[in-house]
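Q: Structure for this input, please:
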Amino acid sequence: MKLSLMLATVCDPYMMVFQKKLYQKYWKNEVDEILLNINGRNEQIKDFIYNLWKPECKYIEKNRMMRQGTAFNYLYPNLTGDIVMTMDTDNFIYRRGVISDYKVLIENNVYDAIGSIGSHAYPSQLSQFITNKYGLVRLNPFMSFWRKSIFDQFEKVEWSSIAWKAGDQYQPLGVIPIDGYAEVMSDLSLQFFYRSNKILKIPATKYNEYVHVGGLSSIYRKFFLELEHDQSGYHREDGKSADIYYLIWRYQIFELTKNEVPFKEYNDKYSEIFENELKQTRINKQDFDMIIERDKKLFGDLFLC
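A: From the prediction side, this is the model:
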């Protein structure tokens, strides 16, 4: 069976250089085609990512600040695989065989879908209503696998979020009890669960195999907005700063990739913003370096690409 990967990325050159390093070392031979969405305002950086990944991709879409589900909506009609995989910029695979092991489980009809569980419906009463029926609301987009032949049974394949009014009739759930909505890929997931219960639930992070640094892309957009060349420029909220957890990740990825991003002004501006955010955390250099070394040991081969 053929596996098609839909990869959604923000306009972050460092993470996409890092992703390509991981791809080349660990999982290049495990996907049959890649469809990439580059999401951002900075045309220079979008073009850089486009040219970096063009040799590896069947199809690339460039957009301006769109939601993840919409990005997948653009990509999906262009794939040709029997198994559909989704992945985010901030999901990092660093062991050979992660993708192929899950692919085999679908090929051999053991499961129809694989991913980590999410309960992303709001308000909480709606989330509970859905999880009472299926045990989850969705499989998370940062790494999931789907048998496409089940999607082919849908009237429409829709990757975006969904909203309901109390009393709405919705086939996978029956009568909706309360006004609310569910996040990206929830409608798609529920339509799928309605047709198949052969779902393998996997952890969001599995050390020495893959890690999802949830929010790393959002942090880039929130605190490094000036790099998007947006007219609003760089404005920080008083008293708020990027969490040290995310800054540690940003530091390590930047150090591994900065020499491959050929834009001095951009790199300098990134370093300036990073240092400003780091100062806001009030962490001393000794503690910062200690966390760096701890993470290098914790994630092992991830930073050896």
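
Q: helix or strand right after the helix or strand where residue 44 lies?
A: Here residue 44 is covered by helix 43-53, with elements defined by DSSP states H and E. Using DSSP H and E, the next helix or strand after helix 43-53 towards the C-terminus is strand 59-63.

Q: what angle do that next one and helix 43-53 make?
A: Relative orientation of strand 59-63 and helix 43-53, computed by axes from the mean of the first three to the mean of the last three C-alpha atoms, to 10 degrees: 170 degrees.

Q: so residue 9 bridges to which residues?
A: Beta-bridge pairing of residue 9, defined through DSSP bridges, involves residue 38.

Q: Give the closest residue to residue 13 in space, chain neighbours not counted.
A: The shortest distance from residue 13 to any residue that is not its chain neighbour, by C-beta to C-beta, 6 or more residues apart in numbering, is 4.6 Å, and that residue is residue 261. For glycine as for every other residue, the C-beta is placed from the backbone atoms N, C-alpha and C.

Q: Could you report the neighbour count for the one you found?
A: Burial of residue 261 is recorded as 19 neighbouring residues (other C-beta atoms under 10 Å).

Q: can I assume it is in contact with residue 269?
A: No. Applying C-beta atoms under 8 Å, one finds residue 261 not in contact with residue 269, separated by 11.7 Å.

Q: Where is the longest strand in this protein?
A: With DSSP state E applied, the strand covering the greatest number of residues in the chain is identified as strand 138-147.

Q: so what strands line up beside that strand?
A: According to DSSP bridges, strand 138-147 forms sheet pairs with strand 83-88 (antiparallel), strand 113-118 (antiparallel).

Q: Deepest-packed of those, please.
A: Mean neighbours per residue, mean count of other C-beta atoms under 10 Å, is largest over those for strand 83-88, with a mean of 25.

Q: Toward the C-terminus, what is the element adjacent to that one?
A: Next in line after strand 83-88, if elements are assigned by DSSP H and E, sits strand 91-93.

Q: Quick one: distance of that following strand to the chain centre.
A: For strand 91-93, the gap between its own C-alpha mean and the chain's C-alpha mean amounts to 9 Å (C-alpha atoms, centre = their mean, to the nearest Å).

Q: Quick check: mean pLDDT of that strand?
A: Summarised as a single mean, pLDDT over strand 91-93 is 97.

Q: ditto for stretch 16-34
A: When the per-residue pLDDT values of stretch 16-34 are averaged, the result is 97.

Q: Give me the contacts around that stretch.
A: Residues lying outside stretch 16-34 but in contact with it, judged by C-beta atoms under 8 Å, 6 or more residues apart in numbering, are 2-5, 7, 9, 49, 52-53, 56-59, 79-81, 85, 89, 92-100, 103, 253, 256-257, 260-261, 302, 305.

Q: so residue 204 makes contact with residue 144?
A: No. Between residue 204 and residue 144 no contact is recorded; they are 10.9 Å apart, counting by C-beta under 8 Å.

Q: Helices of the protein, start to end?
A: Shown for the chain, the helices assigned by DSSP state H span residues 13-22, 43-53, 68-75, 98-107, 124-134, 148-151, 186-195, 216-223, 244-257, 264-281, 285-299.

Q: among these, which is nearest residue 180?
A: For the helices of the chain, proximity to residue 180 was assessed by C-beta to C-beta; helix 124-134 is nearest, at 3.7 Å.

Q: Report the buried residues of that closest one.
A: Along helix 124-134, these residues count as buried under the neighbour rule (16 or more other C-beta atoms under 10 Å): 126, 127, 129, 130, 134.

Q: any idea how far residue 42 is from residue 208?
A: Relative to residue 42, residue 208 is positioned 34 Å away (criterion: C-beta to C-beta, to the nearest Å).
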